[in-house]
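**Q** Any chance you can model this:
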Amino acid sequence: MAMEYSRKGEQLTENFEGVRLTAYQDQVGRWTIGYGHTLNVQPGQTCTQAQADAWLALDMSWAEMIVNNYVHISITQGEYDAMVDFTFNLGAGSFEHSTLLILVNQGKFAEAANEFEKWDLAGGKVVAGLLRRRQAEEQEFKS
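**A** Next up is the predicted model:
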């Protein structure tokens, strides 16, 4: 049975993404709006809070689907929420090909938890905000 992202997980994503109602370029130059929404975003684009909330729900449902499809063993809500935020932030390919996922599917949760902090780079550079996010995901994963 598919799991669903919890309110605590949503708050993790909202807190790290923040909301911006005018398009901006993220740390790697990708146009972004709302809570980290990137699909078809153009320079100068604006949105309402309601649109940002709707995009977040859509983007989170996509990340939930990826985690539900690729994790093949029983996991806790905290583990699930951490992996959904990770997938939302880094993309499906990063999650699908990660050692994190391999270790989770092997039931090696302590080792898997140590994988989050390895994903603290943007454009090949360590980003303090990404490190904080990965640490928060790791804590959620362990909860």
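
**Q** Thr99: neighbouring residues, count only.
**A** 13 (other CB atoms under 10 Å). C-beta coordinates here come from the backbone N, C-alpha and C atoms, glycine included.

**Q** Now it. Nearest residue, chain neighbours left out?
**A** Spatial nearest neighbour of Thr99, excluding adjacent residues (CB to CB, 6 or more residues apart in numbering): Glu115 at 5.4 Å.

**Q** Quick check: what element follows the lengthiest helix in the chain along the chain?
**A** Using DSSP state H, we find that the single longest helix of the chain is helix 49-70. Remark: after helix 49-70, the chain's next helix or strand is helix 77-90, criterion DSSP states H and E.

**Q** mind listing what's buried in that following helix?
**A** 78-90 (16 or more other CB atoms under 10 Å).

**Q** now swap in stretch 7-20 and tell me
**A** 9-10, 12-13, 16-17, 20.

**Q** before we move on, back to that, how much space separates the residue nearest to Thr99 from Met1?
**A** In this view, Glu115 and Met1 are 26 Å apart by CB to CB, to the nearest Å.

**Q** Check Arg132 too.
**A** 32 Å.

**Q** Same drill for the two, tell me which one is more crowded.
**A** Taking other CB under 10 Å, Arg132 and Met1 do not tie; Arg132 has more neighbours (12 against 4).

**Q** Show the average pLDDT along the host helix or strand of the more buried one.
**A** Assigned by DSSP H and E, Arg132 belongs to helix 128-142. Taken as a whole, helix 128-142 carries a mean pLDDT of 94.

**Q** Give me the subset of the buried residues of stretch 7-20 lying in strands.
**A** Arg20 (DSSP state E).

**Q** and which of the buried residues of stretch 7-20 is nearest Asn40?
**A** Arg20 (16.2 Å; CB to CB).

**Q** what residues are up against the closest one?
**A** 32-34 (CB atoms under 8 Å, 6 or more residues apart in numbering).

**Q** quick revisit: wait, the residue nearest to Thr99 sits on Leu100?
**A** Yes - under the criterion of CB atoms under 8 Å, Glu115 is in contact with Leu100, at a separation of 3.9 Å.
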